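**Student:** build me a structure from this.
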Amino acid sequence: MSDHDQVKKAKRLAAVVYLLIMAVIMGGTYVSEQNKKQKVKMAEGASQALLMPAEEPVIFSDSQTRH
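**Tutor:** Okay, the predicted model is just below:
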């Protein structure tokens, strides 16, 4: 192989490695953002559950409990 071909091969290899690294970074960022959104939704649901009024307790009379 000539020097030109070796340089060309090295540049192509570097480009492929760069693209793979960028794909991993972008994929990790996407997954991280999705996890953050899911945690926010869960926290909002939990805080709304705390703010909602509790159901009224069921009170049984003596006639209903004695059978």
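**Student:** distance of the spatially most central residue of the chain from residue 29?
**Tutor:** A centroid search over the chain (CA atoms, centre = their mean) returns residue 35, at 1.8 Å, as the residue closest to the centre. Computed with CB to CB, to the nearest Å, the distance linking residue 35 and residue 29 is 11 Å. In short, each C-beta sits where N, CA and C put it, glycine included.
**Student:** neighbours of residue 45, how many?
**Tutor:** Residues lying near residue 45 (other CB atoms under 10 Å) number 10.
**Student:** also residue 18?
**Tutor:** For residue 18, the tally of surrounding residues (other CB under 10 Å) stands at 10.
**Student:** show the pLDDT at it.
**Tutor:** On pLDDT, residue 18 comes in at 98.
**Student:** measure how buried residue 11 is and give me the count.
**Tutor:** Quick note: residue 11 (other CB under 10 Å) scores 10 neighbours.
**Student:** let me see the contact set for it.
**Tutor:** Residues counted as contacts of residue 11 (CB atoms under 8 Å, 6 or more residues apart in numbering): none.
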